[in-house]
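> What would the 3D arrangement of this be:
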Amino acid sequence: MPTSHTPTEALESDACYLAMKTHDARFDGSFFTAVTSTGIYCRPVCRVKLPRRENCRFFRHAAQAEAAGFRPCLRCRPELAPRASGAASWSTEDASRILALQAARLIDEPDAWSEDGPGAAQIAARLGVSDRHLRRIFEVQFGVSPLQYLQTRRLLAAKQLIADTRLPMTQVALASGFASVRRFNAAFLEHYGLNPSALRRAGGATVEGGEGKAIEVRLGFRPPYDANAMLGFFARRALRGVEVVSTADGKEPAKGSTPTYVKLNRTLRVQQGGQAHAGWLQLRFDLEREQLLLSVSDSLAAVLPIVISRARALFDLDAEPMAINAALHAAFPHGDGLRVPGTVDGFELAVRAVLGQQITVAAARTLGSRLVEAFGEPLATPIEGLNRLFPTPATIAAASGDALGQLGIVRQRQTALHAIAREVASGKLTLHAGADVPSTIAALQELPGIGAWTAQYIAMRALRWPDAFPAGDVALQKALGVTTARAAGEASQAWRPWRSYAVLRAWHAPSSTPATATETAAAELPLITTAGLAA
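The predicted model follows:
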């Protein structure tokens, strides 16, 4: 029977009960409902019979519910819920709250789940505080210790693999961060009262597995979501060999038309523990169920939690539209479903940002495709047009200026590419959602050829910073009706801490004045100033 536990953050219980009663997907992942009569906790979208109000208790985080003794529902599956981002804290909350949320972001990264990965002491050291201080502020913020939070993340990740795949239990245990099957089984029995095999039988998994077959999982998100805008963003930037975005009719869209996009296919390399795993993934939307369907090649099975995490970042599935729209809807009423496109690899995004400096989207795509053709490793896939991996940092760092120049990459961009590649290859620069944003932006701008726009663009898409703002962007200034970076920055203050989303909405905002061809391209992938290149 669950123990008595009071959530650390006050929740409007009546509002939570109403959201659960109406199965409101906008609140999915924002809270969890624990039912004292069953000992189970659910998502707000769960379709089971509505429990009595007096039997319900509400928690912000799954870890809080599990720490109180509740087990996850096998029907609504809490592991599918989008995570609460806590993004607002970057700009508006106190330092302790920001620190706790930074620690949670680091723990959310699957690289931290393995028992030989960074523990609480290492994370505390990385954040510049003591282990004791981190535990104290973490418990104040989340109501659980960092270790309890980590254990819940591991178990829910494993639960998803058990339910959605037929991976052997040994592989599930290792992929979700457990050092042995024995520890894996013991943790499941302690938390869920079932061993993993029994959980798989109880969940009724029907996914076929086997050598060479794709692994399929489902990823939840909160509506509204403009899926066609997101897929269209990637379609305009798709690099030959690395990405293929399919349309509904399978044909190349006519110029000036608004095609309906269906799915994104792409290749991916994941480096873990000194070993490289390469394969392909396919993503398509199930809008009726507020889910993204992810298919992954079996060659990436060993790092599936990492692939899932990167897919969530790529499509910004953990965004909180209600909070964002409350801040931005008045200024940008036509963008409530827009999300900030992410990336599956921070280095790849940084290279694309450099290649896109001062040129159109089409020209940047051409340069990127040439780079992939020249330096990308071949990869066999069952998807037509998908046959190469994006080049590694070591490969770009070793590429000669002459070889890059033959692709049409000018000397200034060659210098920037070499600098970023060397920093990433050496481990001095990390470009992912767990990185420290201010120090990473500062480190980027110290590199030759990297100015404020490029650093902010990388922060927006690779670091997943919701408050990035490339104030010097020409298209952004035009959309805001200003002519200087300073004026754009002043105009943006009301949109903190969601300025990354404001940027996307400004680029997509309907304009009363028809844009020239160059200005339209700039709105798709903005330009940076000459000063930025010389920084």
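> how many other residues sit next to G29?
Applying other Cβ atoms under 10 Å, we find 25 residues neighbouring G29. To be clear about C-beta, it is placed using only N, CA and C from the backbone, and glycine gets the same treatment.
> Equivalent analysis for the one 5 residues further on, please.
When neighbours are defined as other Cβ under 10 Å, A34 has 26 of them.
> again, but for P78
Residues near P78, counting by other Cβ under 10 Å, number 26.
> Can you classify the nearest residue to S299 once chain neighbours are set aside as helix, strand or coil?
Excluding its sequence neighbours, the residue lying closest to S299 (Cβ to Cβ, 6 or more residues apart in numbering) is G279, at 3.8 Å. At G279 the chain is in strand, as set by DSSP: H, G, I helix; E, B strand; the rest coil.
> quick one: low-confidence ranges for the chain?
1-11, 85-94, 114-119, 202-212, 252-256, 511-535 (pLDDT under 70).
> Geometric centre of it: which residue is closest?
A313 (1.2 Å; Cα atoms, centre = their mean).
> could you dump the helix or strand that one falls within to CSV, C-alpha only?
For A313, the element it lies in under DSSP states H and E is helix 304-314. Extracted as CSV, the C-alpha positions of helix 304-314 are listed here (Å, rounded to 0.1, in the frame of the first residue of the first chain):
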residue,chain,number,x,y,z
LEU,A,304,17.6,2.7,-27.9
PRO,A,305,17.0,5.0,-24.9
ILE,A,306,19.5,7.5,-26.4
VAL,A,307,17.8,7.3,-29.7
ILE,A,308,14.4,7.9,-28.0
SER,A,309,15.8,10.9,-26.2
ARG,A,310,17.3,12.4,-29.3
ALA,A,311,14.0,11.9,-31.3
ARG,A,312,12.1,13.7,-28.5
ALA,A,313,14.6,16.6,-28.8
LEU,A,314,14.5,16.6,-32.6
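> Buried residues in that helix, which are they?
304-314 (16 or more other Cβ atoms under 10 Å).
> As CSV, those residues with distance to T33 would be great.
Putting these into CSV (distance: Cβ to Cβ, whole Å) gives the following:
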residue, distance to T33
L304, 28
P305, 25
I306, 30
V307, 29
I308, 24
S309, 25
R310, 29
A311, 27
R312, 23
A313, 27
L314, 29
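> Looking at the residues you listed, which one is closest to R26?
Using Cβ to Cβ, R312 comes nearest to R26 of these, at 17.6 Å.
> my read: the closest one touches L219, true?
Yes. Between R312 and L219 there is a contact under Cβ atoms under 8 Å: 5.9 Å.
> thinking again about what came up before, chain center to the helix holding A313: distance?
7 Å (Cα atoms, centre = their mean, to the nearest Å).
> still on that earlier bit, residues in contact with the residue nearest to the centre of the chain?
A313 makes contact with 342-344, 433, 464, according to Cβ atoms under 8 Å, 6 or more residues apart in numbering.
> what about it, distance to P44?
23 Å (Cβ to Cβ, to the nearest Å).
> residues touching D24, list them.
Contacts for D24 (Cβ under 8 Å, 6+ apart) come out as 18, 44-45.
> Output those as TSV; include the columns distance to Y149.
Below are these laid out as TSV (distance: Cβ to Cβ, whole Å):
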residue	distance to Y149
L18	28
P44	21
V45	23
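> Out of the residues you listed, which comes closest to Q151?
Among these, P44 lies closest to Q151 (Cβ to Cβ), at 23.5 Å.
> next one: phi and psi at that closest one?
P44 has phi and psi values of phi -60, psi -20 when expressed as degrees, to the nearest 10.
> if I look at the closest residue to R57 other than its chain neighbours, how far off is D336?
Sequence neighbours aside, A34 is the residue nearest to R57 in space, at 4.7 Å (criterion: Cβ to Cβ, 6+ apart). With distances taken as Cβ to Cβ, A34 is found 31 Å from D336.
> all strands of the chain, in order?
Assigned by DSSP state E, the chain shows strands spanning 32-35, 40-42, 56-59, 71-72, 215-220, 243-247, 261-272, 275-286, 291-296.
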